[in-house]
Structure formats: C-alpha cells, structure tokens
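Engineer: mind folding the following:
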Amino acid sequence: MDGFFGADIILNDAEDGSEEAAIIELATRYDDDGDTRISIPEFTTFIGDLVALRDGVLHVPEKQVEAVATEIARAGFPELDGTNAQEIGFEIFIELGRRWSDVLSNPAVMASLGNKRSQLPDLHDPMLGKMLDALDAERTKARTDGGGEVGKPAWVYASQPGSLLTGQLVPEAALLERDGWHFHDHGNGEGVIYWWPAEAERSADARLVAHPVCFKQNDLGPKPYAPPSIERIISSEIEISNACSSGGITTWRLPGAEDATDVEAVDAAAAATDAGAVVVAEVPAAAEMSEKDKVCALVESRLDAMGFQSKELGGGGDCFFRVLAYGVYGNQEMHAYIRHLVVEKLREMDPNFFPDHDREGYCNQMARQGKYCNGQREMLAACRALNVNLHVFGSTGEHDRTFSPSENVGPTNDVLIAHYNHGNMNDHFKGVEPKAREGGDG
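Structural biologist: Sure, this is the predicted structure:
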C-alpha cells in the first residue's frame, strides 16, 4: 500500500461551512499524532471503521481494509496519481468528502467493497461521529474482562463438547488477524477464527486450526473449570530469583521421588498439599514403583484430589510448548508457533537474567524445535507472550507456582500445567483438564 496517497500537500485553511467543518472534525479524529496530516495507517484505520459500521462488526480483516483503502485513495485523490508521498493535508481530505458519492460509484471501489452500493456512511452525516463513538465503546467492551459480570461481553470461544476453551477470551492476535490468524465476524454475535499462515511462514507439519467464537460471554455460564488457588505467584525476574532457594534462577526443586520410601511417605507428601483440605487418591506402594513412577503418582494423586486429570500431549523436547498450544489454542500441534512467540519475548528480557549474560545464545538454542524448556524463564516469558496465567502443579504444594504477566494488558486466560521432575533433565509437562464425569459426558 506504500505510496497510495501521492504528493506531499501543504495544509491550507479550509473554507468556512458546515460540511467542511464536519470533514475537518472527522480528519482530526484520525490524526493520531496531531500533525494536521493524515498518514497511510491513519487513513486505513478510518476506512476500516467505515467498513465495520457498514457491516455491523467490530473488526474487519486487515487485508480487506487495505484493499478498500487503496481503491478509495486512487478514486478520491486523482490529482495525486503517480506520486509517492505517505500523507495528505486536511485540505485534500476535504476534497474526498466532496467526491464521496462519485468515489463509492467507482467500479474498482465497488468491487473492493463487495459490490454493495449502499455500503459506507456519508462523510457529512451528522450522526457519523456518534456512530464511531459507539463503535469505539463496543471495542472497549470486547477488550474488557467479562469475568461473568453482566454488561461486559467479549469475544470468547463458543461452546463445543469437551473443549477447555469454552468461555475463554479469544487472543487479540486472532481478532486482529496477525501471525497467520484469520477472523470472520458474522455480524450477529457469532464468528470464526482460523489459523493457516502463508506457505512460506508455516512448518511442513502445520495443521489447520479453526474455532467458532461468539460475543456472548454472559450467555455461556461459568468456565468449564476454575484453577485452584496457588500462594506463590511469579510475575517478574526478581521474584524468580528470590523464589529459588538454591540460588539458581532457572528451576525450582521438585520434592517427591527421592524423598518417598514407602506408601505412607508418598501419601503424606500428597496429603500435605492443602493441609488436609482434600482427600488424596490411593497411591500404589512405593516399593513397587520406579523413581519416575513415584513422581507421576504424586502428581496424579494431587490432580485427582482437586478434580482434575492430566492429558498427555506429546514430548520430544516440545512438551511444554505443546501444553501451552493446547491450553491457549486447543491444538498442541501449534507448538512451533508458540515456541516462536515465547522466544521472541525471551529476547526482550534483561541479559543479566541469562547464564553468562548470553541472552542471544540462550534464545537461539531455545528457538530450536526439540529444545527442552529449562524452567521459570520460559514460563514467565510464555505468560507475557500469550497474556495468560500459568498454573503449574507438581508433586506437593511446595512445588506449585502461578506465573502472571507483570504488565498485563487486558484480561488473561488460565492454563493449567502438570510438571513431572524426574531428574537428569528428564522433566515432562502434561496438560490438565477436569476429570471426566461419570457417564462419559465430561
């Protein structure tokens, strides 16, 4: 789209008159930097809002808006054809208002708008400002945490049998059609998002991901699960450093296998989770279990006592990222995409937070598929990159942690993770979901 405006026009005083005043007011609304000029991004935002009003939706696909804005600029500013400036003055914007009816009748503009002649609002409509205010207000509501409260709807995953995503907030990247996401708003409170990047941007084993979504959070009822409360909440690098009694800043010790010598010890460790507040499921005798099995039994018994069960989502060094992909997008096969987002967030962290202060080397290693998650660094980066709360459960309450974004922008979703520390860099992560109800409908 670069250069679709044309010449660099100097702003002159607009003629008096209500129509010109209305257009200037409209231009001022989209002049974000206050320089009395309209840039390409500002003009694109303006056209996108007009298309949203026409279609009765909150968001319009970015590529669609760019196509419409390009054709309107070509038809609306014919005197600028062949030039390459990146902004226009208000005087030229006023000319667009005068030509608006002819612009909308232009065949190329009509084609970009889907040949709907009654489409965009009249720029001189005295109600246009109020309509744009209402659109902004609805978008603000959509970004506000509904939390089940009446009057605060948002785009959320629609109900699907067995889905952990039901009622969870749709990630902003999907609504804004970034990173390979696409969003279609049906205009009736329902829509669909799907993930399918361009061929050059997706891995060979990428799979299509699609979800129905709706703007009816208040109608969905409670989420299918509520995460148990965890006392230790991590939201900064400093808190990670302080939380590690060993002095390290990457991992924390998981009590369990090497500490349990008989069934009483295993039961006692698990029961200590909530100081007797839960009934721990029966654990096999420790003498019959391998060290790895002891850790698994401790974790599984705790999850069972809280009404949850683990879900195996694959390993090969990608288990942590698979769990995140499943918890956020409902598909563990998006683990490569999730790893990319997490590593990019790691690159923004303080270099002093990395071994030998080698942030670049560390991130380059972590970017490789099959590279194990080292621990709390990746967890903190993940909750920031995905804007989620990560609730990590181990074999005892001493191991549990919640990681939260330190600079939370908007509401957060919850992802539950089971962590199995078997030692010798043989950790494993599984997803966590509510136990199936008796009768098989869970």
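
Engineer: now the stretch 301-442 of the chain, which segments are flagged as low pLDDT?
Structural biologist: 407-412, 422-426, 436-442 (pLDDT under 70).

Engineer: which residues in it form strands?
Structural biologist: 308-311, 388-393, 401-403, 413-420, 428-434 (DSSP state E, counting those that start in this stretch).

Engineer: the shortest one pairs with which strands?
Structural biologist: In its sheet, strand 401-403 lies beside strand 233-234 (parallel), strand 388-393 (antiparallel), with partners assigned from DSSP bridges.

Engineer: hey, C-alpha coordinates of the last one in CSV?
Structural biologist: Taking Å, rounded to 0.1, in the frame of the first residue of the first chain, the C-alpha atoms of strand 388-393 are listed here in CSV:
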residue,chain,number,x,y,z
VAL,A,388,-2.1,-15.9,30.3
ASN,A,389,-1.8,-17.1,33.9
LEU,A,390,0.2,-20.3,34.0
HIS,A,391,-0.8,-22.5,37.0
VAL,A,392,1.9,-25.2,37.4
PHE,A,393,1.3,-28.2,39.7
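
Engineer: what's in contact with that strand?
Structural biologist: The contact list for strand 388-393, computed with CB atoms under 8 Å, 6 or more residues apart in numbering, reads 227-228, 230, 299, 302-303, 327-328, 379, 382-383, 399-405, 412-419, 432. C-betas here are computed from N, CA, C, even on glycine.

Engineer: go with 7 Å
Structural biologist: Residues from elsewhere that reach strand 388-393 (CB atoms under 7 Å, 6 or more residues apart in numbering): 227, 230, 299, 302-303, 328, 379, 382-383, 400-404, 412-419, 432.

Engineer: same question, stretch 333-350
Structural biologist: 195, 203, 207, 209, 237, 318, 321-322, 324-325, 359, 363, 366-367, 369, 377-378, 381-382, 384-386.

Engineer: looking at the residues you listed, which are in helices?
Structural biologist: 237, 321-322, 324-325, 359, 363, 366, 377-378, 381-382, 384-386 (DSSP state H).

Engineer: which of those sits closest to Asp81?
Structural biologist: Nearest to Asp81 among those is Ala385, at 43.0 Å by CB to CB.

Engineer: what's the burial count for that closest one?
Structural biologist: 21 (other CB atoms under 10 Å).

Engineer: tell me the spacing between it and Leu341.
Structural biologist: 4 Å (CB to CB, to the nearest Å).

Engineer: one more: Gly317?
Structural biologist: 17 Å.

Engineer: contact partners of the helix or strand containing Glu19?
Structural biologist: Assigned by DSSP states H and E, Glu19 falls within helix 18-30. With contacts defined as CB under 7 Å, 6+ apart, helix 18-30 is touched by 14, 38, 42, 45-46, 90, 93-94, 97, 123-124, 129, 132.

Engineer: would you format the strands paired with strand 401-403 as TSV with mean neighbour count and distance to Pro351 included?
Structural biologist: Shown next, in TSV, are the strands paired with strand 401-403 (neighbours: other CB atoms under 10 Å; distance: least, CB to CB, whole Å):
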stretch	mean neighbour count	distance to Pro351
strand 233-234	18	20
strand 388-393	23	23
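
Engineer: closest to Asp102 out of these?
Structural biologist: Across these, closest to Asp102 is strand 388-393 (CB to CB), at 49.3 Å.

Engineer: just the buried subset of the contacts of stretch 333-350, please.
Structural biologist: Among the contacts of stretch 333-350, the ones that count as buried by 16 or more other CB atoms under 10 Å are 195, 209, 237, 318, 321-322, 324-325, 359, 363, 366-367, 377-378, 381-382, 384-386.

Engineer: related to what we said a few turns ago, which of Gly317 and Leu341 has more neighbours?
Structural biologist: More crowded of Gly317 and Leu341, by other CB under 10 Å: Leu341, with 20 against 12.

Engineer: low pLDDT regions in the stretch 51-200 of the chain?
Structural biologist: Checking the stretch 51-200 of the chain against pLDDT under 70 turns up 82, 85, 115-119, 141-153, 162.

Engineer: which residues in it form helices?
Structural biologist: In the stretch 51-200 of the chain, the helices defined using DSSP state H, counting those that start in this stretch lie at 62-76, 90-98, 100-105, 107-112, 128-142, 172-175.

Engineer: buried stuff in the first one?
Structural biologist: Going by neighbour count (16+ other CB under 10 Å), the buried part of helix 62-76 is 64-76.

Engineer: the third one now?
Structural biologist: The neighbour-count criterion (16+ other CB under 10 Å) identifies Trp100, Val103, Leu104 as the buried residues of helix 100-105.

Engineer: so which elements touch it?
Structural biologist: helix 62-76 (3 or more CB pairs under 7 Å, 6 or more residues apart in numbering; DSSP states H and E).

Engineer: show me how far the helix it packs on is from its chain's centre.
Structural biologist: Distance of helix 62-76 from the chain centroid (CA atoms, centre = their mean, to the nearest Å) equals 28 Å.

Engineer: relative to the whole chain's centre, how far out is the helix holding Glu19?
Structural biologist: 35 Å.

Engineer: now it against helix 90-98, angle please.
Structural biologist: Angle of helix 18-30 versus helix 90-98, following axes from the mean of the first three to the mean of the last three CA atoms, to 10 degrees, is 120 degrees.

Engineer: thank you kindly, that will do.
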